[in-house]
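Visitor: I would like the atomic coordinates for the input below:
(2 chains)
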Amino acid sequence: SQELEQSPQSLIVQEGKNLTINCTSSKTLYGLYWYKQKYGEGLIFLMMLQKGGEEKSHEKITAKLDEKKQQSSLHITASQPSHAGIYLCGAGINDYKLSFGAGTTVTVRA
Amino acid sequence: GAVVSQHPSRVICKSGTSVKIECRSLDFQATTMFWYRQFPKQSLMLMATSNEGSKATYEQGVEKDKFLINHASLTLSTLTVTSAHPEDSSFYICSARIPPNYGYTFGSGTRLTVV
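Guide: So this is what the prediction gives:
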């Protein structure tokens, strides 16, 4: 089965500072998804990466997929309170089932 | 677009009763839906894959008779927790693939509390 390890498990960042979350797979990543979740709520889609070396950005969030390292990173620039939440990386199993990492809890302090 | 509506958002039931959770795709047809369970401060655990018109595929360790899944139409999948017990209390989320292979969309989740 796909094993996804996220790091760090949690982080606290001062508002305006940058942060990076990593997601490492035990198997080759053919597709990687990033979601954000508020505790007790549904998942909000952030990015989908499918090709090695692919990089996508939306507003202040950038995600990269490095297939050689079987790793993806999510970078938030100039963090804001709205960036607080749980960030989950997910990868497809057998091409259609999503398996998730344990999540990274982000706290942004004013 | 590609919205999945999940109901109810919260439900409290007594031990021994059954609870049905619905997941509807509002603006697309979902031939495949997925049901996840999430414990506090943990990640999502895939329970089963719901296929329209056929039997659901359950992940290892998930009781088929406890968690009944029905996918009778291209826009509706239901999860019924039968003979619920306090240990079934959890957060349940459904998901659907967005055709054609543009990712996955998730419902808003259902908080089930069994008392």
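
Visitor: going forward, measure contacts and count neighbours with C-alpha atoms only.
Guide: Will do.

Visitor: what residues does chain A put near chain B?
Guide: Contact residues of chain A with respect to chain B, defined by CA under 8 Å from any CA of the partner chain, are listed as A:33, A:40-45, A:48, A:88, A:97-103.

Visitor: Pop out the phi and psi values for the residue nearest to A:Ala78 when sequence neighbours are not counted.
Guide: Leaving out its chain neighbours, the residue that sits closest to A:Ala78 by CA to CA, 6 or more residues apart in numbering or on different chains is A:Gly16, at 4.0 Å. The main-chain torsion angles of A:Gly16 are listed as degrees, to the nearest 10 and equal phi 100, psi -20.

Visitor: any low-confidence regions in the chain?
Guide: You didn't pick a chain, so chain A it is. Per-residue confidence for chain A (pLDDT under 70) gives these ranges: A:1-2, A:93-95.

Visitor: try chain B instead
Guide: Within chain B, the stretches with pLDDT under 70 are B:101-102.

Visitor: need the strands for chain A, in chain order.
Guide: All strands of chain A, identified by DSSP state E, fall at A:4-7, A:10-14, A:19-25, A:32-37, A:43-49, A:55-58, A:61-66, A:71-76, A:85-93, A:97-100, A:104-109.

Visitor: pretty sure B:Val11 is touching B:Thr110, no?
Guide: Yes. Contact status for B:Val11 versus B:Thr110: in contact at 7.4 Å, counting by CA atoms under 8 Å.

Visitor: one step back: what residues does the residue nearest to A:Ala78 make contact with?
Guide: For A:Gly16, the contacting residues are A:77-80, by CA atoms under 8 Å, 6 or more residues apart in numbering or on different chains.

Visitor: same thing but at 10 Å, please
Guide: Counting by CA atoms under 10 Å, 6 or more residues apart in numbering or on different chains, A:Gly16 touches A:76-81, A:108-110.
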